[in-house]
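Student: Predicted model follows, preceded by the sequence.
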Amino acid sequence: MSGHSKWKTQKNKKAAADAVKGKAFTKATKEITVAAKDGGGDPDVNPRLRFALAKAREVNMPKDNIEKAIKKGTGELPGVIYETIYYEVYGPGGVAIMVEALTDNKNRASAEIKNILTRKGGNMAGSGSVARIFHKKGLIAIEKSKIDEDKLMDIALNAGAEDMKTEDNVYEITTDPRDFEKVKKALDDNKVECQLAEVTMLPTMTVKVAGGPAKQVLALVEALEDYEDVQNVYANFDIPDEIMEQAKKE
């Protein structure tokens with residue numbers, strides 16, 4: 001798998017470790033609270049809440065924490081009001097980056113993100129210049145060793161997937177966001193183990209980056225992801241595997 005999708009897969013593997021620091025729990029709590037506030041506390045009729053709960057379980061968030069976050073969103077418990085803000089950024093090498101933040105203090109979040117950009121070589125982009133590159137899609141990645149290609153294609157396309165392609169040692173399935181859960185359920189029903197499964201923002205074009213600029217891009221993305229008010233970072237970089245492997249170990 002190339003580009004930012006591979007980076008996210010690698011980052012997801014350390015999500016449980018990050019939860020020990022509280023960062024993953026904080027981000028999951030915010031997403032659950034906002035999802036429950038926008039669409040109600042019943043995940044059966046609130047797709048965003050279902051996605052948020054799935055992410056919370058991935059980082060082993062305790063059931064009590066999840067229930068409190070839902071109740072804060074529905075107003076059954078007092079809670080903080082969060083605002084969703086998107087920042088459009090250009091990183092080293094001309095990489096386009098979309099930063100999604102959930103914050104209770106817009107001025108604080110904006111100041112901190114600008115500080116990160118200054119330290120890590122990023123710049124704010126003009127409104128719409130980065131957003132137009134990304135589209136919301138369901139993304140599912142499956143290791144080639146887990147299933148035969150023809151069988152996987154048959155399951156995915158019959159369930160409503162838009163496309164399936166081969167990237168390095170994985171199959172990459174894309175869906176319309178509305179069909180994501182249906183495709184994921186079909187895979188689960190057939191006991192297909194997924195390496196990555198999420199609704200995300202995928203770029204329509206990528207930028208190849210290598211050497212020093214590639215390392216700078218990864219450092220910038222990681223710094224943005226580590227800030228607790230940032231929920232998601234989407235980027236259109238295409239970086240050689242060896243550089244991403246090296247960054248993962250550092």
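Tutor: Received the coordinates, thanks. Residues are numbered from 1 along each chain as shown.

Student: so after the worst-scoring helix or strand of the chain on mean pLDDT, what's the next helix or strand?
Tutor: Ranking every helix and strand in the chain by mean pLDDT, DSSP states H and E puts helix 15-21 at the bottom, with a mean of 52. Sequence-wise, the next helix or strand downstream of helix 15-21 (DSSP states H and E) is helix 23-39.

Student: With just CA atoms, put that next one into PDB.
Tutor: The C-alpha trace of helix 23-39 is given here as PDB (Å, rounded to 0.1, in the frame of the first residue of the first chain):
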ATOM      1  CA  LYS A  23      -4.200  10.800  23.700                       C
ATOM      2  CA  ALA A  24      -6.200   8.100  22.000                       C
ATOM      3  CA  PHE A  25      -8.800   8.100  24.700                       C
ATOM      4  CA  THR A  26      -9.100  11.900  24.500                       C
ATOM      5  CA  LYS A  27      -9.600  11.800  20.700                       C
ATOM      6  CA  ALA A  28     -12.100   8.900  20.900                       C
ATOM      7  CA  THR A  29     -14.100  10.700  23.600                       C
ATOM      8  CA  LYS A  30     -14.400  13.800  21.500                       C
ATOM      9  CA  GLU A  31     -15.500  12.000  18.400                       C
ATOM     10  CA  ILE A  32     -18.100   9.900  20.300                       C
ATOM     11  CA  THR A  33     -19.500  13.000  22.100                       C
ATOM     12  CA  VAL A  34     -19.800  15.000  18.800                       C
ATOM     13  CA  ALA A  35     -21.300  12.100  17.000                       C
ATOM     14  CA  ALA A  36     -23.900  11.500  19.700                       C
ATOM     15  CA  LYS A  37     -24.700  15.200  19.800                       C
ATOM     16  CA  ASP A  38     -25.200  15.400  16.000                       C
ATOM     17  CA  GLY A  39     -27.100  12.100  15.500                       C
END
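
Student: Summarise which helices and strands it is packed against.
Tutor: Under the contact criterion of 3 or more Cβ pairs under 8 Å, 6 or more residues apart in numbering; DSSP states H and E, helix 23-39 touches helix 15-21, helix 47-58, helix 63-74, strand 96-103, strand 230-235. C-beta coordinates here come from the backbone N, C-alpha and C atoms, glycine included.

Student: Show residues contacting it.
Tutor: Residues outside helix 23-39 that contact it (Cβ atoms under 8 Å, 6 or more residues apart in numbering) are 15-16, 18-19, 45-49, 51-53, 55-56, 59, 61, 65-66, 69-75, 79-80, 82, 84, 102, 226, 228, 231.

Student: Apply 7 Å and report the result again.
Tutor: 15, 18-19, 46, 48-49, 52-53, 55-56, 59, 61, 65-66, 69-70, 72-74, 79, 82, 102, 226, 228, 231 (Cβ atoms under 7 Å, 6 or more residues apart in numbering).

Student: Repeat that for stretch 142-162.
Tutor: Contacts with stretch 142-162, where a contact means Cβ under 7 Å, 6+ apart, come from 164, 169-171, 173-176, 179, 182-183, 186-187, 190, 192-195.

Student: what about M201, which SS state?
Tutor: What DSSP: H, G, I helix; E, B strand; the rest coil gives for M201 is strand.

Student: And for it, the neighbour number?
Tutor: Using other Cβ atoms under 10 Å, the number of residues around M201 comes to 20.

Student: what pairs with it across the strands?
Tutor: M201 forms beta bridges with K136, as assigned by DSSP bridges.

Student: residue contacts, the spatially closest residue to P240 that is not a sequence neighbour?
Tutor: Among residues not flanking P240 along the chain, A210 sits closest, at 5.7 Å (Cβ to Cβ, 6 or more residues apart in numbering). A210 sits next to 239-240, 243 when contact means Cβ under 7 Å, 6+ apart.
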